[in-house]
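structural data only, the sequence is not supplied:
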């Protein structure tokens, strides 16, 4: 069996695996040994479980499952299911998976015992049959036939190697993690941003696929053109390009950590190592330079001790943003409310310091139903006005029956998130507002149907011509549509590029 739906076709099953005769010989001569029986059953169960885990991981994260990096995701999966389907269903699914794993192991033990019990009568015939299979495999291999395969051994070897490399990567990342960062000693540090409010906005699942996949492009590009027109009429300058995210399909916090640290944080273990270090985040650097630093994280509904690493003066989460409306399934509040509450709580204050905010817009997070729509900003209030929207549209279980409908809902939700941000800028921007907005990662491959590309659009929005002049060397395209042949930075370069462009004499 292959471990990726891309290769899961009937033709893939018509193959002769080398592991079959080897397994036969092992059981023929060692099946009476209980340890051999149990070990073989566990190995077979591990193969089947890893196939299932890899298949899911490839569809969601465009990579194989890694037990070192991904074991913690089980808790997050239960939490997501809780938000979409309810606590009882979520825990029932979790319990079912635990029972399934146990059942797979028990099933292989049972099958191998059955095979062992049949050996006294047919051992000679079995040996001849196994030998014939082995000779057949050698013959196919010598003729370079694709039917002679070694999928199971290669698959398990790959996972063992990946496991060991992950442990090595953890040690090397921790050893290389600097305790100090000389970038804060840059002459005239962030001088061009002094007195300005800086918003670094992560847009959930806003990926390059929206500008590349024909199914999306026909509607999404005209939408961007319309938003460009609205921004231009409000005298807002725009520069756009692409960034490469360290993750795809999820794990948004890895993208946040990569941007804010300037280090490539592409695994949970790297993330854990970073947030336990003293290496200064971009937020902390802004705070030390005189800005008030805040996080606007409407998806945070539990304790978040990792937030201490970043150095925020204040964190707005799901329960202290003043939202009194109903959630949009997993999404705790619509993006328009998130931006409105932030503006009211922070930017409308009198005699305040300039604000540096890290904002997460989450309306484009799965399950992409219901999709909000904009209302007059003056009517947002405490968010109860969104209740009718939160109760509209089809339920997730209806949307997710049809892959085409999933992609349609994803595009609508992405357009809403970008419309909320650009409309906020049109309505509230002054010469002292600088917005750097980008996707956190591409959506899952089940949406993009692309397992390789991890690029996300990035936009700089401001009325200030000096800021636009300062980033001229970046080579970003004017408007909201990035140039196809334009620069593509890894997200880890944003921190240094921003500081370099905004430091020096104003």
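Sure, I can see it. Every value quoted in this text rests on a predicted model; they were computed, and no experiment measured them. Numbering: from 1, shown residues only.

can we go C-alpha only for contacts and neighbour counts from here?
Will do.

any low-confidence regions in the stretch 1-150 of the chain?
Along the stretch 1-150 of the chain, segments meeting pLDDT under 70 span 1-9, 11-12, 30-32, 58-63, 67-86, 119-123.

tell me where it has helices.
19-30, 34-61, 67-70, 73-85, 87-142 (DSSP state H, counting those that start in this stretch).

mind checking which of these is nearest residue 438?
Of all the helices of the stretch 1-150 of the chain, helix 34-61 sits nearest to residue 438, with 18.8 Å by Cα to Cα.

residue 359: what secondary structure?
Recorded secondary structure, residue 359: strand (DSSP: H, G, I helix; E, B strand; the rest coil).

that one pairs with what?
For residue 359, the beta-bridge partners under DSSP bridges are residue 201, residue 296.

quick check: the gap between the residue positioned nearest the centre of the chain and residue 173.
Among the residues of the chain, residue 250 comes closest to the average C-alpha position under Cα atoms, centre = their mean, at 2.1 Å. Counting by Cα to Cα, to the nearest Å, the gap from residue 250 to residue 173 is 22 Å.

okay, now residue 142: neighbour count?
10 (other Cα atoms under 10 Å).

ok, it to residue 149 distance?
12 Å.

same deal with residue 487?
Counting by Cα to Cα - residue 487 and residue 149 are separated by 41 Å.

does residue 480 touch residue 242 like I think?
No. Residue 480 is beyond contact range of residue 242, at 11.0 Å (criterion: Cα atoms under 8 Å).

give me the more crowded residue out of these two.
residue 242 (28 against 24).

which residues in the stretch 151-300 of the chain form helices?
Using DSSP H, counting those that start in this stretch, helices in the stretch 151-300 of the chain cover 151-176, 214-233, 252-261, 268-275, 282-288.

which one of the ones you listed lies closest to residue 414?
Ranking the helices of the stretch 151-300 of the chain by proximity to residue 414 (Cα to Cα) places helix 214-233 first, at 9.2 Å.

residue contacts, residue 217?
Going by Cα atoms under 8 Å, 6 or more residues apart in numbering, residue 217 touches 210-211.

gap between it and residue 248?
In terms of Cα to Cα, residue 217 sits 20 Å off from residue 248.

over to residue 214?
20 Å.

next: residue 414.
From residue 414 to residue 248 the distance is 16 Å (Cα to Cα).

of the two, who's got more company?
Higher neighbour count among residue 414 and residue 248: residue 248, with 29 against 25, using other Cα under 10 Å.

who does that one bridge with?
Beta-bridge partners of residue 248, counted by DSSP bridges, are residue 442.

that one reaches residue 444, doesn't it?
Yes. In this structure, residue 248 is within contact of residue 444 by Cα under 8 Å, at 6.4 Å.

go ahead and confirm residue 457 touches residue 208.
Yes. Counting by Cα under 8 Å, residue 457 touches residue 208, with 6.0 Å between them.

overlap of the contact sets of those two?
Common neighbours of residue 457 and residue 208 (Cα under 8 Å, 6+ apart) are residue 242.

which of those two has more neighbours?
A count of neighbours by other Cα under 10 Å puts residue 457 above the other of residue 457 and residue 208, at 26 against 23.

mind listing the helices for the stretch 351-500 of the chain?
387-390, 396-399, 403-428, 445-448, 465-470, 494-502.

list the buried residues of the first one.
Think helix 387-390. Within helix 387-390, the residues that count as buried by 16 or more other Cα atoms under 10 Å are 389-390.

same check, this time on the last one
For helix 494-502, the buried set under the neighbour-count rule, 16+ other Cα under 10 Å, comprises 494-496, 498-502.

same for that helix, what does it pack against?
Counting contacts by 3 or more Cα pairs under 8 Å, 6 or more residues apart in numbering; DSSP states H and E, helix 494-502 packs against helix 252-261, helix 465-470.

go on, the third one?
With contacts defined as 3+ Cα pairs under 8 Å, 6+ apart, the secondary structure elements packing on helix 403-428 are helix 214-233, helix 335-342, helix 396-399, helix 445-448.

quick check: domain ranges of the chain?
According to automatic domain parsing, the chain is divided into the following domains: 5-173, 190-502.

distance to residue 183 added to those domains, as JSON lines?
Below are the domains of the chain laid out as JSON lines (distance: least, Cα to Cα, whole Å):
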{"stretch": "domain 5-173", "distance to residue 183": "20"}
{"stretch": "domain 190-502", "distance to residue 183": "8"}
